[in-house]
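Novice: Kindly generate the corresponding structure for this input.
(chains A, B, C and D)
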Protein chains: 2
Amino acid sequence: MNIGQAAKASNVTAKMIRYYESIGLITAPIRTQANYRVYANDDVHALRFVKRARNLGFSVEEVRELLALWRDKSRASADVKSVAMKHVQDLETKISELQAMARTLSHLARTCHGDGRPDCPILADLADPAASLAPVPGKPKRKARQEADCACHEDAALPA
Amino acid sequence: MNIGQAAKASNVTAKMIRYYESIGLITAPIRTQANYRVYANDDVHALRFVKRARNLGFSVEEVRELLALWRDKSRASADVKSVAMKHVQDLETKISELQAMARTLSHLARTCHGDGRPDCPILADLADPAASLAPVPGKPKRKARQEADCACHEDAALPA
DNA sequence: CTTGACCTTCCCATAATGGGAAGGAGCATA
DNA sequence: TATGCTCCTTCCCATTATGGGAAGGTCAAG
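Specialist: Now for the predicted structure:
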């Protein structure tokens, strides 16, 4: 099977298949005399595994670990589980961060007239959150900072 | 004020201040004869605006729009609100995707013994989701695909 | 004048993916 | 057989936002 067919069968683009090979995530397949890559069903299986794991949000490096565990017939399921659980925690952390942002913005948007007038609590908050009403969500990367947040007073919409 | 002081005052690293200037997000400040950048309080104010917007998850390009609206004293608050609302939608889309991943993985992890035995429904699912029990979350980027998903049967834990 | 802290520009790296060029290979049809 | 279309190869570049670090100039204090 050529790379194009393997791509269709695995739902991984040929481009990505070559990339995964280049970083050693998957093993290099044999080549024809014309230097074409030739894939077997097992290769497609592995590619689907990678695809699925990526779809579940695992990083390529995490997929590498999972592949190693998959190939290791004597792995302990506890090892797999811990990789998965850690990833769930990562996901939940990110979810919380995004939710905090969405909450803040939804709140600000709710207090914005959204008409032709220029007064806008959203811009007011961006320009000076301390003087405004919305809590500050921690920044996405790294740990949360300590900033001059303020409680949400539910006012601040300019009289217009 | 030198860039280092502006950085401290705005909580934006000197590196990023230069970067924002290079992409035209903020205006280039005047320079001393020694070619040092000199910032005024308004510049710091703008940097804080950028920082806050970035913390709320707006992309740099979105921040560019917001800055333009901020500077335009005759903007319509509706324009600001629509930028904000669109971003909230983006956030919620991403949140849903991450939640789908977390749900699937949590479920798989729950069915995994997590002991010394090699049998692992998590790996089984990655290797062949159709034969397994977990629903397939849509892939993060681009629109959701149509795949051979299956309902969640709540079994598949190998007898071990 | 030396030292240390600060500034400058420039290059590189990250993560995962896509786009596209230039050229070879394979196959079908006129 | 020659033309042509589709596929393959490698190689380079772009993306997003940020950090690291080198090489060299500047400033202020001692």
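
Novice: Contact partners for A:Ser82?
Specialist: A:Ser82 is in contact with B:Gly114, counting by C-beta atoms under 8 Å, 6 or more residues apart in numbering or on different chains. (C-beta placed from N, C-alpha, C; glycine too.)

Novice: need the helices for chain A, in chain order.
Specialist: Taking DSSP state H to define them, one finds helices in chain A at A:3-10, A:14-22, A:41-55, A:60-71, A:77-110, A:121-127.

Novice: and these as TSV, adding distance to B:Gly116 and mean pLDDT?
Specialist: Formatted as TSV, the entries for the helices of chain A read as follows, by distance: least, C-beta to C-beta, whole Å; pLDDT from 0 to 100:
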stretch	distance to B:Gly116	mean pLDDT
helix A:3-10	32	97
helix A:14-22	31	97
helix A:41-55	23	97
helix A:60-71	13	96
helix A:77-110	7	95
helix A:121-127	53	95
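
Novice: Tell me how far the most centrally placed residue in chain A lies from A:Asn2.
Specialist: With distances taken as C-alpha atoms, centre = their mean, chain A has A:Gly57 as the residue nearest its mean C-alpha position (5.7 Å). Using C-beta to C-beta, to the nearest Å, A:Gly57 is found at 30 Å from A:Asn2.

Novice: before we move on, the earlier item: contact partners for the residue nearest to the centre of chain A?
Specialist: Contact partners of A:Gly57, counting by C-beta under 8 Å, 6+ apart, are A:87, A:91, B:98, B:101, B:140.

Novice: roughly how far apart are the second one and A:Leu47?
Specialist: Here the distance between A:Leu91 and A:Leu47 works out to 23 Å (C-beta to C-beta).

Novice: What of the first one?
Specialist: Here the distance between A:His87 and A:Leu47 works out to 20 Å (C-beta to C-beta).

Novice: And for the fourth one?
Specialist: When C-beta to C-beta is the yardstick, B:Met101 and A:Leu47 sit 20 Å from each other.

Novice: Which residue would be the closest one in chain A to DNA strand D?
Specialist: For chain A, the nearest residue to DNA strand D under the criterion C-beta to the nearest atom of the strand is A:Gly4, separated by 2.5 Å.

Novice: ok, that residue - how many residues close by?
Specialist: Residues lying near A:Gly4 (other C-beta atoms under 10 Å in any protein chain shown) number 13.

Novice: Likewise for A:Ala9?
Specialist: With neighbours defined by other C-beta under 10 Å, the count for A:Ala9 comes to 16.

Novice: Check A:Asp128 too.
Specialist: For A:Asp128, the tally of surrounding residues (other C-beta under 10 Å) stands at 13.

Novice: which residues does it contact?
Specialist: Applying C-beta under 8 Å, 6+ apart, one finds that A:Asp128 lies in contact with B:Arg48.

Novice: Pop out the phi and psi values for the residue nearest to the centre of chain A.
Specialist: Reported as degrees, to the nearest 10, the phi and psi values for A:Gly57 are phi 90, psi 10.

Novice: Just the pLDDT at it, thanks.
Specialist: Predicted confidence (pLDDT) for A:Gly57: 96.

Novice: Would you mind finding the most buried of the helices of chain A?
Specialist: Neighbour counts averaged per stretch over these are highest for helix A:121-127, at a mean of 24; criterion: mean count of other C-beta atoms under 10 Å in any protein chain shown.

Novice: now for that one, which elements pack on it?
Specialist: Contact here means 3 or more C-beta pairs under 8 Å, 6 or more residues apart in numbering or on different chains; DSSP states H and E; on that basis helix A:121-127 packs against helix A:77-110, helix B:41-55, helix B:60-71, helix B:77-110.

Novice: so can I have a markdown table of the ones you listed showing distance to DNA strand C?
Specialist: Shown next, in a markdown table, are the helices and strands packed on helix A:121-127 (distance: least, C-beta to the nearest atom of the strand, whole Å):
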| stretch | distance to DNA strand C |
| --- | --- |
| helix A:77-110 | 12 |
| helix B:41-55 | 12 |
| helix B:60-71 | 14 |
| helix B:77-110 | 13 |
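
Novice: Brilliant, that's me finished.
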